[in-house]
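Participant: What would the 3D arrangement of this be:
(one chain, ligands or ions: 1)
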Amino acid sequence: MNVDIGNALASEASPGVSRASLERLDDQVAQAHERIERGMENAEHGYEALNLPERTDPDEIRTAVEPVADAEALITVGIGGSSLGAATIVDALESDTETVFLDNVDPDWISRRLESLPLEETAINVVSRSGTTAETLANFLVVREAFESEGVDWTERTIVTTGESGPLRDLADRHDLPSLKVPDGVPGRFSALSAVGMVAAAVCGHDLEALLEGAAAERETLTGSLFDCPAYAYGATTYALDQRGAGTNAVMPYAESLETFAEWFAQLWAESLGKDELGQTPVRALGVTDQHSQLQLYRAGPRDKLVTFLTAGTDENRPIPETDVEDLAYLGGSTLGDLLEAEFEATEASLAAAGRPNVRLEIDRVDEYELGGLLYGMEAACVLAGELYGVNTFEQPAVEWAKKATRGLLGGGVSESDSDSEARRDAERSDGEFEEAEAVAEKSELRVER
Ligand SMILES: O=P(O)(O)OC[C@H]1O[C@H](O)[C@H](O)[C@@H](O)[C@@H]1O
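Facilitator: Sure, this is the predicted structure:
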């Protein structure tokens, strides 16, 4: 992964960040790097995620998926960090296996997905770190029942990835399902390069070693200076821009296959950095589609944004056929690739000319190696940014609050068997807040009915 921060630097046109202030920030980056290295060495919670390139065992994952390796379709049931890493990898890469991700609990959508799949040729990949997430468990029970009602033995077609204990672990043990463990010390949104993200990749036949090798190569670039390390250059620059008012980070991949990456990034950035009234709001965009939708705002709206472009090289190309329509003559002889590149360069330049800071992430091509590097690089960037903000990057108490509230509304409580002690603590802590918020919500109700 390469990073170009040139368009984030202050110039006559742009209030961005000056080179001198980045040099000053580099001292903090060096200290943060020491903290990160120490955390990795001691396998501390969260920092351990950056050790995954060496810790993940591809053979173990391939062995677990062996019984369903020839599946025509794969349903992954999980949400947030238990879904978006896998989705980013399989959406980016070509495979003959049809992949479906069930995270939302919209009954319409789920019914349509289940009706469209050949269930006797479909595998199920259930993923939940805590093993207690309501959406995942409910969706899994629904999927299981759909298999049963078609006479398909779901126990022959299911792989479970979860923590050491908890309801999902119990279920896997009870039915003797092939199962993998979410590695200790690795929060969901940092787990793409473990079984959590890689079971789906394995079923789709992707090269797991290359994913990990790309990540390991990125790990080698982590040094104590933002000027030598692409991941830290990105983390430090986005932090510095946020300090100067760029509270929104619009992430805009220019390869259609990387659209899901922006979703994965959004969770990583929002849940890791959005605390203590700090953080930067991630927005998902797609080049060129959003040039015709959001770009007006990015170039002429409030000066509170950074745009992160993501480009990928490709060998694929398609010539644009010549036409005798005079106004379209300029397209003839070019390719779709030329057009895409011109669109990207024009957009980047148009933002720079308007003094709107932007950063470019580049990968050589969309393959396993480059994706591994990209995911790892962004995780390292996020950990670095968390150190600079001074927040606890690896917890998410605000989300746990809503999880608890959902459970409460359905008549459940904090599960005694909750395997995720951190989640459990957060959920318990939010007890009083829930009652208070409920009371406020009731008082301020204002309905407008037809
Ligand atoms: O993996 P699970 O325990 O099912 O959790 C799935 C997701 O749940 C919550 O929304 C957390 O905030 C996320 O960080 C997590 O990825």
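Participant: And the helices in the stretch 1-150 of the chain?
Facilitator: Per DSSP state H, counting those that start in this stretch, the stretch 1-150 of the chain has helices spanning 19-41, 52-55, 58-65, 84-92, 107-116, 134-149. These are given in chain order.
Participant: Out of the ones you listed, which one sits most buried?
Facilitator: helix 84-92 (a mean of 25; mean count of other C-beta atoms under 10 Å). C-betas here are computed from N, CA, C, even on glycine.
Participant: So for it, mean pLDDT?
Facilitator: Within the predicted structure, the mean pLDDT of helix 84-92 is 98.
Participant: Give me the helices and strands touching that helix, please.
Facilitator: Helix 84-92 sits against strand 98-102, helix 195-203, helix 259-273, helix 368-389, with contacts defined as 3 or more C-beta pairs under 8 Å, 6 or more residues apart in numbering; DSSP states H and E.
Participant: Residue 169 versus the residue lying closest to residue 81 once chain neighbours are set aside, what's the distance?
Facilitator: Closest residue to residue 81 in three dimensions, ignoring its sequence neighbours and counting by C-beta to C-beta, 6 or more residues apart in numbering: residue 188, at 2.3 Å. Residue 188 sits 16 Å away from residue 169, taking C-beta to C-beta, to the nearest Å as the criterion.
Participant: higher neighbour count, those two?
Facilitator: Under the criterion of other C-beta atoms under 10 Å, the comparison of residue 188 against residue 169 puts residue 188 first, with 29 against 19.
Participant: which residues touch residue 95?
Facilitator: When contacts are counted by C-beta atoms under 8 Å, 6 or more residues apart in numbering, residue 95 is found next to 204, 205, 206.
Participant: so who does the residue of the stretch 301-450 of the chain found nearest the ligand touch?
Facilitator: Going by C-beta to the nearest ligand atom, the ligand is nearest to residue 399 of the stretch 301-450 of the chain, at 3.3 Å. Neighbour list for residue 399: 80, 271 [criterion: C-beta under 8 Å, 6+ apart].
Participant: Quickly find the element holding it.
Facilitator: When secondary structure is defined by DSSP states H and E, residue 399 falls within helix 397-409.
Participant: The ligand contacts on this structure?
Facilitator: Residues of the chain lying near the ligand by C-beta under 6 Å from any ligand atom: 79-82, 128-130, 133, 136, 188-189, 271, 396, 399.
Participant: Return the entry from those residues with the maximum number of neighbours.
Facilitator: Of all the residues of the chain next to the ligand, the highest neighbour tally under other C-beta under 10 Å goes to residue 128, namely 31 neighbours.
Participant: who does it bridge with?
Facilitator: In this structure, residue 128 bridges to residue 162 when assessed by DSSP bridges.
Participant: which ones are touching it?
Facilitator: Applying C-beta under 8 Å, 6+ apart to residue 128 gives the contacts 78, 79, 82, 136, 137, 161, 162, 166, 168.
Participant: farthest pair in those?
Facilitator: Considering C-beta to C-beta, no two members of the contacts of residue 128 lie farther apart than 79 and 166, which are separated by 15.3 Å.
Participant: Surely residue 53 is in contact with residue 210?
Facilitator: No. Using C-beta atoms under 8 Å, residue 53 makes no contact with residue 210, being 11.4 Å away.
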